[in-house]
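**Student:** Got a predicted structure plus its sequence, pasted below:
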Amino acid sequence: MSDCDFRVVQCQNCGLIYVNPKPSEDEIAKFYPDTYSWKETLTAESKITILIRKLEKIYRHHLLHYETSKVVKVANRKTGKLLDVGCGAGDRVDIFRRLGFDTYGIEPSSSAEYARGHLGLNVKQVDLLEANCPDSFFDIITLHNVLEHTHNPQKVIRELHRILKEDGIVAIQVPNTDCIQFKLFKKRWAAVDVPRHLYYFNIGFLKKMLGKGNFEIIKIDHFNNWWHPPTLVITLFPNLDPQRAWAEEEKKGNPVFKRLLWIFWTLILPPFAFFESLAKRGAIVTIYAKRQLK
């Protein structure tokens, strides 16, 4: 099946937006190319492309340091066992490790091999529900733009509760369908990523899911790094999507002009994203929750 064979529909009872028909767990893998996750080892031919790649690395690590610092602040921890679910190529896990955490990663794609081989991280190439993590083991669990990719989000929430310590926290970041971008652009919104995004959440639905999973919400954060207008650049200019540029580079292409345009618009558009977040209608929302006893 191609991405054209899938539709995004809304449940008339609960309001949840989801992909229908939903691809099987075996079938979904073909929709994730090798260039889906950022990797430092992606090829670069020209000097300008090499420079862009270096700037991209600096920019990405700046964003990830910002994200990880928020998690550390909310958790009020500087050490402990940390699990990043859907960790991709592992760069966020690497930052937590450098901060002093005992880090673990779970990534079902082949990017797990990069995380282990290139970064030397403890990352399993497996789905969370198949990982057999110990009970009450982790102090912090993070899922950054992961829950919308899972086939059974409520089961994932229950598994998080099982493997999290009693005083631990979970940080779940997802695209937010209550955002201004979705209201304006509908299916053109970049976060409508069919069929990889199987579900589309709003804060109300996430609260219900976490409540059913015996979690208590401690913070809802609409804000991202000032220099990161999430999804907006790709919504307005789909051809500037960095993933497309990485794919072109892998095929020995040289999309320098597109890369420079991406940088330009990423620097221009943050004010809109900031005010969107200020109105509590940010495109990306992060919910922090602590485990409750059943």
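**Tutor:** Looks like it came in fine. Residues are numbered from 1 along each chain as shown.
**Student:** Could you use CA atoms for every contact and neighbour count after this?
**Tutor:** Will do.
**Student:** Low-confidence stretches in the chain?
**Tutor:** Across the chain, the stretches falling below the confidence threshold (pLDDT under 70) are 1-4, 41-45, 294.
**Student:** Strands along that one, start to end?
**Tutor:** When secondary structure is read from DSSP state E, the chain shows strands at 7-10, 17-20, 81-85, 102-106, 123-124, 138-144, 164-175, 199-200, 215-221, 284-291.
**Student:** what are the pairing partners of the fifth one, and which direction each?
**Tutor:** Going back to what we said before, that points to strand 123-124. In the sheet containing strand 123-124, the strands it pairs with under DSSP bridges are strand 102-106 (parallel).
**Student:** re earlier: could you identify which of the strands of the chain is most buried?
**Tutor:** Among those, the stretch with the highest mean neighbour count (mean count of other C-alpha atoms under 10 Å) is strand 199-200, at a mean of 26.
**Student:** Output the contacting helices and strands for that strand.
**Tutor:** Taking 3 or more C-alpha pairs under 8 Å, 6 or more residues apart in numbering; DSSP states H and E as contact, the helices and strands that strand 199-200 lies on are strand 17-20.
**Student:** Does anything pack onto the strand it packs on? Which helices or strands?
**Tutor:** Here strand 17-20 is seen to pack against strand 7-10, strand 199-200 when contacts are counted using 3+ C-alpha pairs under 8 Å, 6+ apart.
**Student:** Mind putting the ones you listed into a markdown table with distance to residue 110?
**Tutor:** A markdown table is the format used below for the helices and strands packed on strand 17-20 (distance: least, C-alpha to C-alpha, whole Å):
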| stretch | distance to residue 110 |
| --- | --- |
| strand 7-10 | 27 |
| strand 199-200 | 23 |
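**Student:** how far away is residue 195 from residue 16?
**Tutor:** Using C-alpha to C-alpha, to the nearest Å, residue 195 is found at 16 Å from residue 16.
**Student:** Settle it for me: which of those two has more neighbours?
**Tutor:** For residue 195 against residue 16, the residue with the higher neighbour count under other C-alpha atoms under 10 Å is residue 195, and the figures read 23 against 15.
**Student:** I'd guessed the more buried one sits against residue 18; true?
**Tutor:** No. Under the contact definition of C-alpha atoms under 8 Å, residue 195 does not touch residue 18, with a separation of 9.4 Å.
**Student:** what's the burial count for residue 69?
**Tutor:** The burial metric for residue 69, expressed as a neighbour count using other C-alpha under 10 Å, is 15.
**Student:** what's the distance between it and residue 197?
**Tutor:** Counting by C-alpha to C-alpha, the gap between residue 69 and residue 197 amounts to 27 Å.
**Student:** Kindly tell me how buried the residue nearest to residue 92 when sequence neighbours are not counted is, as a neighbour count.
**Tutor:** Taking C-alpha to C-alpha, 6 or more residues apart in numbering as the measure, residue 92 lies nearest to residue 64, with 6.1 Å between them; neighbours along the chain are not counted. Number of residues near residue 64 (other C-alpha under 10 Å) recorded here: 18.
**Student:** Once you drop chain neighbours, what's closest to residue 109?
**Tutor:** Nearest non-adjacent residue to residue 109, counting by C-alpha to C-alpha, 6+ apart: residue 125, 6.4 Å away.
**Student:** Now do the phi/psi pair for the one you found.
**Tutor:** The phi/psi pair for residue 125 (degrees, to the nearest 10) reads phi -90, psi 90.
**Student:** OK, contacts around it?
**Tutor:** If you count contacts by C-alpha atoms under 8 Å, 6 or more residues apart in numbering, residue 125 has them with 106-110, 112-113.
**Student:** My read is that residue 101 contacts residue 78, right?
**Tutor:** Yes. Residue 101 is in contact with residue 78 according to C-alpha under 8 Å; the separation is 7.0 Å.
**Student:** OK, contacts around the nearest residue to residue 220 once chain neighbours are set aside?
**Tutor:** Excluding the flanking residues, the one nearest residue 220 by C-alpha to C-alpha, 6+ apart is residue 287, at 4.7 Å. With contacts defined as C-alpha under 8 Å, 6+ apart, the neighbours of residue 287 are 171-173, 217-221.
**Student:** 7 Å instead, please
**Tutor:** 171-173, 219-221 (C-alpha atoms under 7 Å, 6 or more residues apart in numbering).
**Student:** Residue 85 contacts residue 106, doesn't it?
**Tutor:** Yes. Proximity of residue 85 to residue 106 meets the contact threshold set by C-alpha atoms under 7 Å, at 5.0 Å.
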